[in-house]
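In: The sequence isn't on hand, but the structure is:
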């Protein structure tokens, strides 16, 4: 028997573009850091060493660090899979279809343009208890108190076919 599956991949173009920008920012800050403050600058933060060094060092570390994280993210696996065994989120959270009450489209109420899906669980408290040691436990508990479910999947940064995902979910639910 043929079981339908779904896999969403990271939108690598978006992540690489953001990583390239952050890499350029980090390199620019590293250049400024090596060059040192400019006593003739009209801007005080480029002239004053007490402001200049911490600001450029922070920019360098954040820019290069986040660019490296983006490069690592691009090499990672699929963040969302749906198949006969259930939903697999980043390979760290697996939810069986028997534990899922439904899946609903969700748009973030903050108006930030974040779109995704709420995974409605039959027993969310049991899910939270089972994942108490997970690194995202606090975020899942917070999401449960504000949205009503501990599992919320945003699909903005993914190459995502909504119709196929909904067909696979409808098949198993």
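Out: Done, it's in. This is a predicted model, so every value here is computed, not measured.

In: Just give me how far whichever strand or helix holds residue 129 sits from the chain centre.
Out: Residue 129 belongs to helix 124-130 when assigned by DSSP states H and E. Helix 124-130 sits 22 Å away from the centroid of its parent chain (CA atoms, centre = their mean, to the nearest Å).

In: again, but for stretch 88-101
Out: 17 Å.

In: do the same with stretch 89-102
Out: Distance, centroid of stretch 89-102 to centroid of chain: 18 Å (CA atoms, centre = their mean).

In: what sits up against it?
Out: 77, 79-80, 85-88, 119-123, 127, 131, 134-136, 151, 153, 172-173 (CB atoms under 8 Å, 6 or more residues apart in numbering). Just so you know, the C-beta spots here come from the backbone N, C-alpha and C atoms, and that holds for glycine as well.

In: thinking again about what came up before, and the helix holding residue 129, what's buried?
Out: 124, 127-128 (16 or more other CB atoms under 10 Å).

In: Same check on stretch 142-155?
Out: Within stretch 142-155, the residues that qualify as buried by neighbour count (16+ other CB under 10 Å) are 143-144, 149-153, 155.

In: quick revisit: for the buried residues of helix 124-130, give me a markdown table that also has distance to residue 3 and pLDDT.
Out: Output for the buried residues of helix 124-130, formatted as a markdown table (distance: CB to CB, whole Å; pLDDT from 0 to 100):
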| residue | distance to residue 3 | pLDDT |
| --- | --- | --- |
| 124 | 27 | 86 |
| 127 | 24 | 86 |
| 128 | 29 | 87 |
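
In: Go through those residues and name the one nearest residue 108.
Out: Among the buried residues of helix 124-130, residue 124 lies closest to residue 108 (CB to CB), at 19.3 Å.

In: quick one: that closest one and residue 130, what's the gap?
Out: In this view, residue 124 and residue 130 are 11 Å apart by CB to CB, to the nearest Å.

In: again with residue 137
Out: Counting by CB to CB, the gap from residue 137 to residue 130 is 10 Å.

In: Low-confidence regions, the protein specifically.
Out: For the chain, applying pLDDT under 70 flags the ranges 1-2, 77, 111-113.

In: Could you pick out the longest helix of the protein?
Out: helix 49-75 (DSSP state H).

In: on contacts alone, who are the packing partners of that helix?
Out: Where contact means 3 or more CB pairs under 8 Å, 6 or more residues apart in numbering; DSSP states H and E, helix 49-75 is packed against helix 12-35, helix 44-47.
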